[in-house]
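J.: next one to model:
(2 chains)
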Amino acid sequence: MTTVARRKTPKAGRAASDRRAARPGSGPPGEPGRIGWLYALPALLVYGAFLLWPLARGAQFSLYHWDGLGEATWAGLSNYTATWTDPSLRGAFGHLLVLIVFYSVLPCCIAFVLVAAMSRTKIRGLTFFRTVLFLPQVVAMVAVAVAWRWVYSADGPVNTVLGWLHAIGLPDWRHGWFGDFTFALPAVGVVGTWVGIGLAMVLFLAGVQKIPRELYEAARIDGAGAVREFFAVTLPGLRRELAVALTLTSIMAIRNFDLIYMATSGGPGDATKVPAYEVYNRTFNTGEVGLGCAIGVTLAVLAFAVTAGIRRLVEGKDA
Amino acid sequence: MPTLTRRGAAAAAAALATVLAAACAPGSSGDEPESKAPAAVSTDVAKAGNVTLTVWDQEVQGGQKKQIEELNKRFQAKYPNVKIKRVSRSFSDLQKTLRLALSGSTPPDVVEANQGYASMVQYVKAGMLLPLDSYDKVYGWSKRYPKGLMDLNRVTKGGKLMGSGDLYGVSLNGEIVGLYYNKEKLAKLGVQPPKTWAEFDQALATAKGKGEVPIAFGNLEKLPAMQLYGILQDGMTDKEAVRKLVFGSGGSWTDASNVQAAQKLADWSKKGYFTKDSNAVKWDDTPVNFAKGDGVFMFGGTWWAAELSEKMKDKAGFMLPPAAQAGAPAATMGGESLPWSITSKSKHADVAAAYINFITSPEAMDVSVETGNLPVLAASKQPSEALLKEVSGAWAELSKNDGVTPYIDYATPTFTDAFGGPLQELIAGRKPADEVMKAAQDDYTAFQKKK
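T.: Numbers count the residues shown, from 1 in each chain, chains lettered A, B, ... in the order given. The predicted structure follows:
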């Protein structure tokens, strides 16, 4: 903090002397550098008590073997190595990668198509569609999970429609989706895509409105088709929005706990286990608090890395 | 500005690191709680002065809730100087909050701590529960209960083994996993309730042939398959061997008969004896499907009896799982509801013990029947509903033969995932029986080594 103060001093001093010259006798009410911290203090205290302190304690716990009850024993970094060597945990991180595609990449692609279509033609009732597509974002994830559990259930709409298709001669595609080793993970992923599309689309729609009409006109005069126009005008114009959408949705994928917990509890077998679920599972169910914290810290680092990576990739500059 | 933030963060991190270095390692060393000599125990609650007893239970469901409310009312009427502060949570919520509550400085006086290596044994290891042997000597609980049931609530010193050692809790209700059947459907199929496994296999084949769902089964949660496996295991292995295996004092999950039990489960699944896509069906939906008629048989706990009796009236029947040979005593998984334990930091241990004695007394067993539950000990009253009568008869028979084996998820804290997961793969036909049992054994050995 002293460094901060020293850095600010010359400027502050100059400002102070300027003002003193204008109104002698009335000095500024203290060091601006320090007073800044004072203003931030209430927020900082809350942030520190409820975020930084738990984060630090979590990081500390991750260095111990602890069942949450008795004495903890020093574990060094073995909890972190377990995060990568335990096959079921390694699997969980693998599932996370798959889910990032479903939660983040797919919604952005679909939203792009929707927005590109909307930017070329005028659609009646646009506000209505925008609201409907954004709605999943407003609904609590727990409610989303319960609703989709019904959608995927043995006699739910998905299987009913597939039953009709079967009746007209197509193969029988009906499954117990959340209980199927092959399809449970993609089934969860589709829910994430459904939730993510609205957010990405609203962001892109807002962005498209900022792109000058002239660019589109120029592109059309140059004879660009829909695809060319998209890559030459829309995509470059939406870079920032794309970065925001990718960041938000991939963070959503990384901290995806409620959907898994409510829909599949990580099953069948380990097929839909994700790290965020394992943080809870290891800490509260199996009494491996240290390991749970280690997974949590790993996830936090991963979230930072992904966020920074996306900014660098999409915005083309460092974070 | 970036440098400023970064330096601020660095300063904050440095400050935190200093504080953390000063803070000690998580957890505290578990001192062995002192147990009073039987002579020092006071059974006179009236002399204890004004006492508030904090009790954490999981009796939130219909009949169980009524039962405990009635018992609390009667206890407080008997001893006006005692006030019971009841905190009730659902089973899974209690599991999760009890750890934190017990490790605090003012834990509740009486708690329902689940049996097994995942809960009670860990609490004992951390010195959080009071051994109840002195109270047992004074109140004579061991005389009230069969040995097998008392042993379920015993843990050896330092939390090494469950099933023997000091007593850490007493239970109130009994529970077993048995075989429900639809009487109407059996009559239509022309099948008698099966007495042996061979008869049962035939009944299943008949049901399948006539287009019925032979066994209503939902296994989204993994635990149901473990219970089904346990029943099959009891049908093929000696009950004493199963007890030893679960309590961690001998045997292996890869023993021939244990693999056979898994093979049987796989065969049933392959023959289509279970509800379709059973891995996607919720456990709670199983009795709902069964009551609707989607299933001729269903393996399930006595905790479903009250609900099924209401929905199906006389159509539902309950029996112990078949025996290996006709007339041989059956064994099945079960035991007793969550035991009531006293925390080692409780200031009113004597009053707490008197409370536990009261809620497990013969009077309490009658209350249990009146509120539609299955009392752990024989009560003087009998239930009036047909299904509940059969349940109570099955329990009495099993207790007489000492045929109760422990739930297999007691075996290790991670068993539900480590064994239940592979069992789901077995049912889906993705893993052979021997590999599934090897997965169970691997988790089991890893835990035994850690102990």
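
J.: in this structure residue B:276 contacts residue A:154, no?
T.: Yes - at 6.7 Å, residue B:276 and residue A:154 qualify as touching, with contact defined as C-beta atoms under 8 Å. No exception for glycine: its C-beta is placed from N, CA and C like everyone else's.

J.: mind listing the shared neighbours of these two?
T.: Listed as contacting both residue B:276 and residue A:154 by C-beta atoms under 8 Å, 6 or more residues apart in numbering or on different chains are residue A:176.

J.: how's chain B carved up into domains?
T.: Under the assignment automatic domain parsing, the domains of chain B span B:38-173+B:337-380, B:175-335+B:404-450.

J.: mind showing which ranges of the chain have poor pLDDT?
T.: Defaulting to chain A. A:1-32, A:119-120, A:316-319 (pLDDT under 70).

J.: um, chain B though
T.: For chain B, the ranges with pLDDT under 70 are B:1-25, B:27-32, B:34, B:62.

J.: what do you get if the cut-off is 50, keeping everything else the same?
T.: B:1-2, B:22 (pLDDT under 50).

J.: before we move on, back to that, residue B:276 and residue A:154: who's more crowded?
T.: residue A:154 (19 against 14; other C-beta atoms under 10 Å in any protein chain shown).

J.: distance of the more buried one from chain B?
T.: Remark: distance between residue A:154 and chain B (C-beta to the nearest C-beta, to the nearest Å) = 6 Å.

J.: what's the neighbour count on residue B:213?
T.: Quick note: residue B:213 (other C-beta under 10 Å) scores 22 neighbours.

J.: and if you look at residue A:262?
T.: 16.

J.: list, one by one, the residues from the stretch 1-150 of chain A near chain B.
T.: A:1, A:3-4, A:7, A:48, A:52-53, A:56-57, A:60-61, A:64, A:66-72, A:74, A:88 (C-beta under 8 Å from any C-beta of the partner chain).

J.: can I assume residue A:265 is in contact with residue B:221?
T.: Yes - in terms of C-beta under 8 Å, residue A:265 counts as a neighbour of residue B:221; the distance is 6.6 Å.

J.: verify the contact between residue B:124 and residue B:153 for me.
T.: No - using C-beta under 8 Å, residue B:124 makes no contact with residue B:153, being 10.5 Å away.

J.: more neighbours, the two?
T.: More crowded of residue B:124 and residue B:153, by other C-beta under 10 Å: residue B:124, with 31 against 26.

J.: check contacts around the more buried one.
T.: Taking C-beta under 8 Å, 6+ apart, one finds B:155, B:158-159, B:166, B:168 in contact with residue B:124.

J.: output stretch B:366-386 as CSV, nothing but the C-alphas.
T.: Taking Å, rounded to 0.1, in the frame of the first residue of the first chain, the C-alpha atoms of stretch B:366-386 are listed here in CSV:
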residue,chain,number,x,y,z
ASP,B,366,-46.7,-48.8,20.9
VAL,B,367,-46.6,-45.1,19.8
SER,B,368,-44.6,-46.3,16.8
VAL,B,369,-47.3,-48.7,15.8
GLU,B,370,-50.1,-46.2,16.4
THR,B,371,-48.4,-43.7,14.1
GLY,B,372,-48.0,-46.3,11.3
ASN,B,373,-44.3,-47.2,11.8
LEU,B,374,-42.5,-50.4,12.3
PRO,B,375,-41.1,-50.5,15.9
VAL,B,376,-37.7,-52.0,16.3
LEU,B,377,-39.0,-54.2,19.2
ALA,B,378,-42.3,-56.1,19.5
ALA,B,379,-45.1,-53.8,20.6
SER,B,380,-48.2,-54.8,22.4
LYS,B,381,-50.3,-53.3,19.6
GLN,B,382,-50.8,-54.6,16.1
PRO,B,383,-51.3,-52.5,13.0
SER,B,384,-54.8,-52.7,11.4
GLU,B,385,-53.9,-52.4,7.7
ALA,B,386,-53.2,-55.7,5.8
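
J.: next one: it to chain centre, how far?
T.: Put simply, stretch B:366-386 sits 19 Å off its chain's centre (C-alpha atoms, centre = their mean, to the nearest Å).

J.: ok, and what's touching it?
T.: With C-beta under 8 Å, 6+ apart, stretch B:366-386 has contacts from B:62-64, B:66-67, B:70-71, B:74, B:144-145, B:149, B:171-175, B:302, B:305-306, B:309, B:313-314, B:336-337, B:360, B:362, B:364-365, B:388-389, B:391-392, B:395-396.

J.: filter those residues down to the buried ones, PyMOL style.
T.: A single PyMOL command is used to select the members of these judged buried by 16 or more other C-beta atoms under 10 Å in any protein chain shown:
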select buried, chain B and resi 63+64+66+67+71+74+144+145+149+171+172+173+174+175+302+305+306+309+336+337+360+364+365+388+391+392+395
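
J.: and the strand or helix carrying residue A:35, C-alpha only, in CSV?
T.: If you go by DSSP states H and E, residue A:35 is part of helix A:32-47. Presented in CSV, the C-alpha positions along helix A:32-47 are these (Å, rounded to 0.1, in the frame of the first residue of the first chain):
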residue,chain,number,x,y,z
PRO,A,32,-6.3,11.3,-2.4
GLY,A,33,-4.4,8.1,-2.8
ARG,A,34,-5.3,7.0,0.7
ILE,A,35,-8.7,8.4,0.7
GLY,A,36,-9.5,6.3,-2.3
TRP,A,37,-8.9,3.2,-0.3
LEU,A,38,-11.2,4.6,2.4
TYR,A,39,-14.0,4.9,-0.1
ALA,A,40,-13.4,1.4,-1.2
LEU,A,41,-13.1,0.1,2.3
PRO,A,42,-16.8,-1.0,3.0
ALA,A,43,-16.9,-3.0,-0.2
LEU,A,44,-13.4,-4.3,0.3
LEU,A,45,-14.3,-5.5,3.8
VAL,A,46,-17.3,-7.4,2.5
TYR,A,47,-15.3,-8.8,-0.5
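
J.: how about residue B:338, what does it touch?
T.: Contacts of residue B:338 by C-beta under 8 Å, 6+ apart are B:57-58, B:91, B:112-115, B:169, B:171.

J.: nearest to residue B:129 among those residues?
T.: Set against residue B:129, the nearest of the contacts of residue B:338 by C-beta to C-beta is residue B:113 (6.6 Å).
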